[in-house]
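Asker: sequence below, structure please.
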Amino acid sequence: MSKAQIDFIIPSYKSPMLTMCCIRSFEKNKADFDFRYIIVENACDDSYEKDVLAISENVLWINNPSKNTIAANRHAWGNAEAIEIGLQNSTAEYVFICHNDVAATHPDWMTTLYGKIEEGCRMVGTRFDNPESQRIGALHQSGLLISREVALNVPSIYPEWDEESSSWKLDVGDAFTRYCRENDLKYFCFRNTHNRNVDIDLPAPYNDMTFDRVIDSDGNVIYMHLGRGSMKQSDRYYGRNNIEQWKNFLEEEIL
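Answerer: Numbering: from 1, shown residues only. Predicted structure coming up:
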């Protein structure tokens, strides 16, 4: 396989630990790829830009003090805005779009994803929606490798609310999946622990954690997602699995 460049589009919001751990995991497991990181910080905060550049010099840092992000209940719109900005600044044929609470956990993770691209897929990712959800059953943007051309052709990646069912019809990035279906473009979803019967244990003392794990055909966990990471780091979310557990797990087991 020839050496390929992948542009990573990583929205961030005042969450330096998450963003730095994320990039460290990618740099440790980059194999023969050229990774470039487009960090879209949805605030005026540039206090950790130099720390990110210390991990990799191949970084494009963009400050985007989004009113969507800081407004009440508008985090998803700010996230979509950051992805749009990342796509506009990308030059690679394929981009990896992810939250900053995602970590690569296997040396061959990108080789595995890119292998599906070489098989003809235009988009590769993980996690279809909950069975009870009113949404369309899409690949989630918590780790999505997609053709930049395809991504730029999607009319809008912003969330869509369905008045009739009073529920979300589309979350951020779900329209990527809808576009592929409407245009008969091949895509692939890896097995994962989000609403699936996948028995993959983490080592103690992290074996009771519910980090979403993405699994290849050999049963390897190739990347993981904490979930609600930026909100947890700013003490605005109190669900299971806190920031310290995530940080400790990555530093002790991955990094």
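
Asker: residues touching Leu139, list them.
Answerer: Applying Cβ atoms under 8 Å, 6 or more residues apart in numbering to Leu139 gives the contacts Met123, Val124, Gly125, Thr126, Arg127, Phe128, Gly173, Phe176, Thr177, Tyr187, Cys189. Using the backbone N, CA and C atoms, a C-beta is placed for each residue, glycine as well.

Asker: what about the first one, distance to Trp77?
Answerer: Read it as Met123. As for Met123, its distance to Trp77 is 22 Å (criterion: Cβ to Cβ, to the nearest Å).

Asker: what ranges in the stretch 151-255 of the chain fall below the confidence cut-off?
Answerer: The stretch 151-255 of the chain contains residues with pLDDT under 70 at 195-199, 204-206, 227-241.

Asker: in the stretch 1-150 of the chain, which spans are strands?
Answerer: 5-12, 34-41, 59-63, 94-97, 102-104, 123-126, 144-147 (DSSP state E, counting those that start in this stretch).

Asker: packing partners for the third one?
Answerer: What it means is strand 59-63. Applying 3 or more Cβ pairs under 8 Å, 6 or more residues apart in numbering; DSSP states H and E, we find strand 59-63 packed against strand 34-41, helix 49-55.

Asker: so which of those comes closest to Ile222?
Answerer: Ile222 lies closest to strand 34-41 among the helices and strands packed on strand 59-63, at 15.4 Å (Cβ to Cβ).

Asker: element containing the nearest residue to Leu202 once chain neighbours are set aside, please.
Answerer: Leaving aside its sequence neighbours, Leu202 sits nearest to Met209 (Cβ to Cβ, 6 or more residues apart in numbering; 5.8 Å). Using DSSP states H and E, Met209 falls within no helix or strand.

Asker: distance check, Met209 against Glu27.
Answerer: Distance of Met209 to Glu27, given as Cβ to Cβ: 23 Å.

Asker: cool, and Glu57?
Answerer: Here the criterion is Cβ to Cβ. By it, Glu57 lies 11 Å from Glu27.

Asker: so which of the two has more stuff around it?
Answerer: The residue with more neighbours, out of Glu57 and Glu27, is Glu27; 15 against 8, by other Cβ atoms under 10 Å.
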